[in-house]
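**Q** here's a sequence, model it:
(one chain, ligands or ions: 1)
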Amino acid sequence: MIEAVGLTKRYGAKTAVYNLSFQVRPGAVTGFLGPNGSGKSTTMRMILGLDAPTSGHATITGRPFRSLPNAPRQVGALLDAKAVHGGRSARQHLLSLAQLSGIPARRVDEVLGVVGLQDVAGRRSKGFSLGMGQRLGIAAALLGDPQVLLFDEPVNGLDPEGILWVRNLMKQLAAEGRTVFVSSHLMSEMALTADHLIVIGRGQLLADMSVKDFISANSADFARVRTPDTEPEQREKLTAAIGEAGGQAASEPDGALRVTGLPLPRISDLAHEADVRLWELSPHQASLEEAYMRMTQAAVDYRSTNDPRAGLQQAAAGYAPQGGVPGYAGGRPPMPGQEQPNPYAQQVPYGQVPAAAPGAGYPPPAQGHPYGAPASYGAPHPYGQQPAAPMPPTAAGAPPAHPAPAAGHPAPAGAPAPLPTPQNEDAR
Ligand SMILES: Nc1ncnc2c1ncn2[C@@H]1O[C@H](COP(=O)(O)OP(=O)(O)OP(=O)(O)O)[C@@H](O)[C@H]1O
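**A** Predicted structure coming up:
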C-alpha cells in the first residue's frame, strides 16, 4: 500500500502540493487525476523519495521509500520515459538497470517481449518514438517484478492499440494483487482503467472515491429540449412550466435546454399543456469527462483564451451538483490554510470496488490475455501466448530485484545499495 499523509511541497513561493492525504491499496488500479501542473508528478516523486516533502510524509508498505529494505526490489516506476541514455540500445539500457539490482539478464528479454520491443531491442533508444520510449519505460518498471508500481502518464504517445495494451496491463498487474498507481489527465481513460480515483487540483485533494461511485454520482440523466429558435418566448414559457413542475432547466451553449428532475414524457406533457412546440426532446447522460472537467476546471492553471470550458461551471450550475465540487463551486480551491471539508474526499472501502466499473455509455473493458498483446514492432511477443513468467526467487527468497524507480533514473541517493547478483546469473 502507498500512503500519503499531509504531503506538502513548496518550491519557493509556489505550492505544488498541499496537505495531500490518501491511500493506494493493492489489488486495484488507482487513477491519479488532475489537470496539467496540478502536482501529480511532484506527488509521485515524493512517494519515491526523489523529492523531499516540505511537510507531511509518504510511505510504501508502511515505510518511507528510502528506508524500505531492498526498495528497488519492491517498487517499480515510470516517471519520465525520456530519462534514458539515448546512445544505448533498449536491451543495453535494461541490462544496465538489471545489473544494478541483481536481476538476471533473461528477465530483460522477458520484459522486452511484454512491452513489444523485442524486435527493436538492439536499436539505440534515441531513435525511438514517444510511444516506443513509453514502452521502454514500462519495461524498466516491470523489470524487477515489483509489488508496487507507479506510472506517470503511461499512455502518453501511445497509439490506440498501445493504449488498450497499457489498460489491460494495469488491470492484470492489479489482478495479481499488486498496488498500481497511474496518473493521467484523462478521465475517460481512467474510467476504463481504474477501480479507484484520486483527483487533485492545484495540489489539493478534490476527490477520493471508487470509479463506481464517481460514475453513479456523475452520470445523472438529463433531457435535451429544444424549442423553435425563432420564438424565444416559447422557451421561456417551457422553462417556467418545468420549474413549476419541480424540474430544473438550464441553457446549453447551443440554445437548447438541459432538463433534470423530470422524465421525458412529463416534459412532453408540460410542453403540450403550455402550447409549446418542441424541435427536440432527447434523453442524455452526463459524460464522466464533463463531470471531471467541472470538478477540476476551477483548478486549471493553463487554459487557452479560446477554451469554451471557461464557462462550463457557470453553465452547469443547478444541473449536476455532483459534477462540481461542493464548497468549491464557482471558485478556486481554497488557498492553503483555508480549506473546507470536501465531501468528495471520502474513502470507499476497497471491498466494494468492482474489478472494473465501466459506466453506462462507456465501452466495456477490453478482454484479453494476461498483459495483452501490445502492437509489437515485429513478431508477436511470448506473452501473447502464455502467462507472464514470474521472476525466479532470489537466494534469500525475497522478491526479485528491481532497478531504479524511473526509467533511466539512478536509485535515489540514500537508497539501499544494489543487491548482489544472484548465483549463476550474470546480467551482462
Ligand atoms: N522543481 C520545480 N521547481 C519549481 N516548480 C516546480 C518544480 N517541479 C514542479 N513545479 C511546479 O509544481 C506544480 C506541479 O507540477 P507537477 O509537474 O507535479 O504537475 P503535474 O500534475 O504532474 O503536471 P502535468 O500533468 O503537466 O505533468 C507546477 O506548477 C510546476 O510548475
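**Q** which residues touch stretch 14-23?
**A** With Cβ atoms under 8 Å, 6 or more residues apart in numbering as the test, stretch 14-23 has contacts from 1-10, 39, 42-43, 46, 53, 56, 198, 200, 202-205, 208, 336, 339, 347. C-beta here means a position set from N, CA and C on the backbone, and glycine is covered the same way.
**Q** again, 6 Å this time
**A** Surrounding stretch 14-23, the residues in contact under the criterion Cβ atoms under 6 Å, 6 or more residues apart in numbering are 3-9, 39, 42-43, 198, 203-205, 208, 336.
**Q** which one of those residues is nearest the ligand?
**A** Sorting those by distance to the ligand puts residue 42 at the head of the list, at 3.3 Å, by Cβ to the nearest ligand atom.
**Q** what's the helix or strand for the closest residue to the closest one other than its chain neighbours?
**A** Across the structure, with Cβ to Cβ, 6 or more residues apart in numbering as the measure, the residue nearest residue 42 apart from its sequence neighbours is residue 16 (4.5 Å). Following DSSP states H and E, the helix or strand that holds residue 16 is strand 14-24.
**Q** how about the lengthiest helix in the chain: buried residues?
**A** With DSSP state H applied, the helix covering the greatest number of residues in the chain is identified as helix 160-175. Judged by neighbour count (16 or more other Cβ atoms under 10 Å), helix 160-175 contains these buried residues: 162-174.
**Q** in TSV: those, plus pLDDT.
**A** Written out in TSV, the entries for the buried residues of helix 160-175 read as follows (pLDDT from 0 to 100):
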residue	pLDDT
162	88
163	91
164	92
165	89
166	92
167	94
168	93
169	94
170	95
171	96
172	95
173	96
174	97
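**Q** in its sheet, which strands sit next to the one helix or strand residue 149 maps to, and in what direction?
**A** Under the criterion DSSP H and E, the helix or strand holding residue 149 is strand 148-152. Strand pairing for strand 148-152, using DSSP bridges, gives strand 75-78 (parallel), strand 179-184 (parallel).
**Q** got any ranges where this structure has weak pLDDT?
**A** Applying pLDDT under 70 to the chain flags residues 81-82, 86, 219-220, 286, 297-428.
**Q** up against the ligand, what does it have?
**A** By Cβ under 6 Å from any ligand atom, the part of the chain that sits against the ligand consists of 11, 14, 16, 34, 36, 37, 38, 39, 40, 41, 42, 185.
**Q** rerun that using 5 Å as the cut-off
**A** 11, 16, 36, 37, 38, 39, 40, 41, 42 (Cβ under 5 Å from any ligand atom).
**Q** ok so, going back, contacts for the helix or strand that the strand holding residue 16 is followed by, please.
**A** For strand 14-24, the following helix or strand on the C-terminal side (DSSP H and E) is strand 28-33. The set of residues external to strand 28-33 that reach it, using Cβ under 6 Å, 6+ apart, is 24, 40, 170, 174, 180-184, 190, 193-199, 350, 353.
**Q** quick one, what contacts the closest residue to the ligand within the stretch 101-250 of the chain?
**A** Of all residues in the stretch 101-250 of the chain, residue 185 sits closest to the ligand, at 5.3 Å by Cβ to the nearest ligand atom. For residue 185, the contacting residues are residue 35, taking Cβ under 6 Å, 6+ apart as the criterion.
**Q** equivalent analysis for residue 200, please.
**A** 34, 38, 39.
**Q** going through the residues you listed, which ones are buried?
**A** The neighbour-count test (16+ other Cβ under 10 Å) applied to the contacts of residue 200 identifies 34, 38, 39 as buried.
**Q** for the second one, helix, strand, or coil?
**A** Following DSSP: H, G, I helix; E, B strand; the rest coil, the label given to residue 38 is coil.
**Q** ok, residue 155 touching residue 166?
**A** Yes. The pair residue 155 / residue 166 is scored as a contact, 5.2 Å apart, by Cβ atoms under 6 Å.
**Q** next, count neighbours for the closest residue to residue 187 other than its chain neighbours.
**A** For residue 187, the nearest residue in space outside its immediate sequence neighbours is residue 292; the separation is 3.5 Å by Cβ to Cβ, 6+ apart. By the other Cβ atoms under 10 Å criterion, the neighbourhood of residue 292 contains 26 residues.
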